[in-house]
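1. This is a predicted model, with the sequence first.
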Amino acid sequence: MEIARVKGTVVATRKDPKLNSYKLLLLELADTSGAPKGGAPIVALDTLDAGAGDLVLVVRGSSARQAQNMSTTPVDAIVIGIIDQIEFSGNSTYNAEK
């Protein structure tokens, strides 16, 4: 699992029919405080209705197809959680409420 920030959405009017009911998000990898790590953005399938600015948990590769009802879906990255809080080494490094 990785931490990422939702930066936007991707609209594809023509895509595999198995993706038709899902939103596609553009994600930027982040550290435990929510700060950007840099690198290329990731396009991920959203099953949780995450929105712009949310900090999320994302899985990629074969782990993405392990998510519920995804075993036959052509997906390489999927949002599996919306983060509320991160505690790292005994310190709160991120809190969505603030």
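-> That came in fine, so what should we check first?

2. so the residue positioned nearest the centre of the chain is in which element?
-> Ranked by distance to the mean C-alpha position of the chain (Cα atoms, centre = their mean), the top residue is residue 79 at 3.5 Å. Secondary structure assigned from DSSP states H and E places residue 79 in strand 77-82.

3. Would you mind pulling the contact partners of that strand?
-> 1, 25, 27, 42-48, 50, 54-60, 64, 67, 70 (Cβ atoms under 8 Å, 6 or more residues apart in numbering). Yep, even glycine has a C-beta here, placed from its N, CA and C like the rest.

4. Restricting to C-alpha, output that strand in CSV.
-> What follows is strand 77-82, C-alpha atoms only, in CSV (Å, rounded to 0.1, in the frame of the first residue of the first chain):
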residue,chain,number,x,y,z
ALA,A,77,-4.1,0.8,-9.3
ILE,A,78,-7.1,1.2,-7.0
VAL,A,79,-8.0,3.4,-4.0
ILE,A,80,-8.8,1.2,-1.1
GLY,A,81,-9.1,3.7,1.7
ILE,A,82,-9.5,7.4,2.5
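
5. For it, give the mean pLDDT please.
-> Averaged over strand 77-82, pLDDT sits at 95.

6. Adjacent strands (with direction) for it?
-> strand 42-46 (parallel), strand 55-60 (antiparallel) (DSSP bridges).

7. tell me the mean pLDDT for the first one?
-> pLDDT averaged over strand 42-46 equals 96, rounded to a whole number.

8. What lies in contact with that strand?
-> Here strand 42-46 has contacts from 4, 10, 19, 22-29, 58, 60, 64, 70, 73, 75, 77-79, using Cβ under 8 Å, 6+ apart.

9. got it, and the last one?
-> By Cβ under 8 Å, 6+ apart, the surrounding residues in contact with strand 55-60 are 1-6, 25, 27, 30, 34, 42, 44, 48, 50, 66-67, 76-83, 86, 94, 96.

10. Report the buried residues of that strand.
-> 55, 56, 57, 58, 59 (16 or more other Cβ atoms under 10 Å).
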